[in-house]
Structures are given as C-alpha cells and as structure tokens.
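Asks: Return a 3D structure for these sequence lines:
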Amino acid sequence: MHIIRNLSDFPTAARGGAVSIGNFDGVHRGHVAIVRRLLERATDVQGPAIVFTFDPHPVRLLRPEQCPPPLTWTERKAELLAAQGVDWIVAYPTNEALLRLSAKEFFDQIVCESLAARALVEGPNFYFGHNREGTIARLGELTAAAGITLDVVPPVEVDGGLVSSSRVRDLIRAGDVDAARRLLAVPYRIRGMVTHGAGRGAKIGFPTANLDAIDTLLPVQGVYAGRAWKNGANWPAAVHLGPSPTFGDAIVRVEVHLIGHDEPLYGQPLEVDFLSRLRDIRPFASKDALIDQLHEDVAQVKRLAT
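Replies: Got it, this is the predicted structure:
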C-alpha cells in the first residue's frame, strides 16, 4: 500500500498511468466498479492504477456545517483500495489553494503535470475545480484535447437503489448495518482507543473494551454483532452502543465484548466491524435478567460472526 500525501517529489513510478479522482468514502460497490475499470485501463496504458482522493473532504473547508461524517479514515480507505488492486493512493491535503483552482487549472496542474495521466476513469456525477465548475462533459473536452482516454462508469444498483456514500450513511445512521454491508466492499468498520469505563461488564462476567476518540460515523444506538480487530487478529464481538439504563447510566458509550479474548486492551487502538443489529438498548428488571440477555446476545454473535 503506497500513500502519497503531497505532489512534491512525486514518485516517477506513480506517473503515466490510469487515474480516478474522488473521495471514495466508504469504498462501496460503486467505487469497486470504478476501480475494476481503472485496473483495465492501467493495463492498457502499461502504467500504475492511481486513486487521487482529498484529505479532508473539500466540504469540510467550504461548508463545514454541511460536511457529512466520514465512513472511513485515510489509512483504512487506502487499505481497502489497495485490496482492490490500486497501486498508489494520493491523499491530497485539501487547502484553499487547491479549492481556488479552476477546472482547467486543476486538469493541467494535477492530472497532466503532476500525475501525467494517460487514462481517466470517473463516475457520471464527477465534478472538479472551483465551485465544482468542471462537469463530466467538460472533463471529456479536456481529456480529448490532451490525448487522454476517459471512461465514465455507470452507477451500481443494489437492493433496488443506486449505491452511494450518502445512502450508506443513511443506512448506518438507521442501524441497518446488514443493508449497508451489501452496499460496501466489506462490513462497516470504526476505530477507537480503548479507555477505562465503568467496569461493570467485568463484574458480571462480560468484560468490555470502552472505545473513545472514534472519528467516523456511529450507527444508531443498540446492541450489535461485530468483529473486533487488533494487530491483524480478530475476535467475534458483542457491541453495546448507548447508555446503560439498567444501572441508571445515561452516558452513551461504545463498549465491545471480545469473545474469547481476555488480555488487557487499555490504551490500545481497536477496530470493530458491524455485522448485524441485534436489539434496542433497554432497561432490565434485575442484574440477573440482564446477564441472561447478554448470554443470548453472545450466542447470536457467535452464530453471525464465526
């Protein structure tokens, strides 16, 4: 996996190939279709397959109040794209200078000069340049004049609707991680640092890792079947996202019970896949009733995640 974070001293090996430009947030099945065409064009031009992304999303600078929460962090996005066969990922630091470039300036400076692209692959709703003035039609004019091929990949349809990052966000917000998984290349994943929680889980036989500093979209509150990842190893996991009403605790926490793992995790990063939503958060009449439900949750997780 090769991540390039600036265009200074741009590697020669990353020039002269096939390029796709976009945010690629979530790396969903529509992105996978674009990457497949990108790999074909990279083979045709005998060059690398390059994805050029923006870090952060341009909307965060232009209209921060409207910026959607990300579905993936930069390294995760690069990991997912590399798994699809992409050779180089450019995570360009979005700044005012970049956002001021006209469509023609962006094409000349980024596509032609820095990347020396010989082929471009985009979706039909691609925009570029200041105020999104560059349309896919304008890109067609510029590529034709520059002798660069342009492929426009049609949207992908799943479950009766077009696949998009915004649709994935809506599903995750609603807790429908099963449906979101059908749109994504892989199950939806978050990351965080394990911090000290209330410690109640360990006292009733279900120790949890309390996740903090999560920088991507969280699903709606509930109990989920998941899979926890640390240093390449993974475990089935029951994920409690929300308060603990049985104990009168209104604080919303992300607590992960790793099934089959009993080593301390405090101060370590942990990544968690969401596989299926099991139930709502609700109060129980007694601690014993809660324990009975947790046994049922763990049994369901084992069926879904192993």
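
Asks: Buried residues, stretch 111-118. List them.
Replies: Across stretch 111-118, burial judged by 16 or more other C-beta atoms under 10 Å covers Val111, Ser114, Leu115, Ala116, Ala117, Arg118. To be clear about C-beta, it is placed using only N, CA and C from the backbone, and glycine gets the same treatment.

Asks: Show the pLDDT at the fifth one.
Replies: Right, the one you point to is Ala117. At Ala117, the model reports a pLDDT of 98.

Asks: Identify the spatial nearest neighbour of it, chain neighbours not counted.
Replies: Of all residues not flanking Ala117 in the chain, Val19 sits nearest, at 4.3 Å (C-beta to C-beta, 6 or more residues apart in numbering).

Asks: Pick out whichever of the buried residues of stretch 111-118 sits closest to Glu40.
Replies: Arg118 (13.1 Å; C-beta to C-beta).

Asks: My reading is that Thr43 lies in a helix. Confirm?
Replies: Yes: applying DSSP: H, G, I helix; E, B strand; the rest coil, one finds Thr43 inside a helix.

Asks: same for the helix or strand harbouring Leu171, what does it pack against?
Replies: Using DSSP states H and E, Leu171 falls within helix 165-173. With contacts defined as 3 or more C-beta pairs under 8 Å, 6 or more residues apart in numbering; DSSP states H and E, the secondary structure elements packing on helix 165-173 are helix 177-183.

Asks: I'd like the distance from the helix it packs on to the chain centre, please.
Replies: The chain centre lies 13 Å from the centre of helix 177-183; the measure is C-alpha atoms, centre = their mean, to the nearest Å.

Asks: Repeat that for stretch 148-161.
Replies: Relative to its chain's centre, stretch 148-161 lies at 19 Å (C-alpha atoms, centre = their mean).

Asks: ok, now stretch 117-136?
Replies: Here stretch 117-136 is found 21 Å from its chain centre; the criterion is C-alpha atoms, centre = their mean.

Asks: quick revisit: report the contact partners of the residue nearest to Ala117.
Replies: Residues near Val19 by C-beta atoms under 8 Å, 6 or more residues apart in numbering: Leu38, Ile50, Val51, Phe52, Val111, Leu115, Ala117, Ala119, Leu120, Val121.

Asks: and the end-to-end length of stretch 175-193?
Replies: Using C-alpha to C-alpha, to the nearest Å, the end-to-end distance of stretch 175-193 comes to 22 Å.

Asks: Same question for it: list its buried residues.
Replies: Buried-residue list, stretch 175-193, by 16+ other C-beta under 10 Å: 175-177, 179-181, 183-185, 187-193.

Asks: So for those, which is the shakiest by pLDDT?
Replies: At the low end of pLDDT for the buried residues of stretch 175-193 is Ala185, which has 92.

Asks: can you pull the contacts of that residue?
Replies: Residues counted as contacts of Ala185 (C-beta under 8 Å, 6+ apart) are Val27, His28, Arg29, His31, Val32, Leu80, Ala83, Gln84.

Asks: give me that answer again for 6 Å
Replies: Applying C-beta atoms under 6 Å, 6 or more residues apart in numbering, we find Ala185 in contact with Val27, Val32.

Asks: Pull up the gap between it and Asp215, please.
Replies: From Ala185 across to Asp215, the span is 20 Å (C-beta to C-beta, to the nearest Å).

Asks: for Glu157, same thing?
Replies: Per C-beta to C-beta, Glu157 is found 30 Å from Asp215.

Asks: that older thread, take the contacts of Val19 and keep only those in helices.
Replies: Under the assignment DSSP state H, the contacts of Val19 contribute Leu38 to helices.

Asks: Out of the contacts of Val19, which is nearest to Arg277?
Replies: Val51 (31.1 Å).
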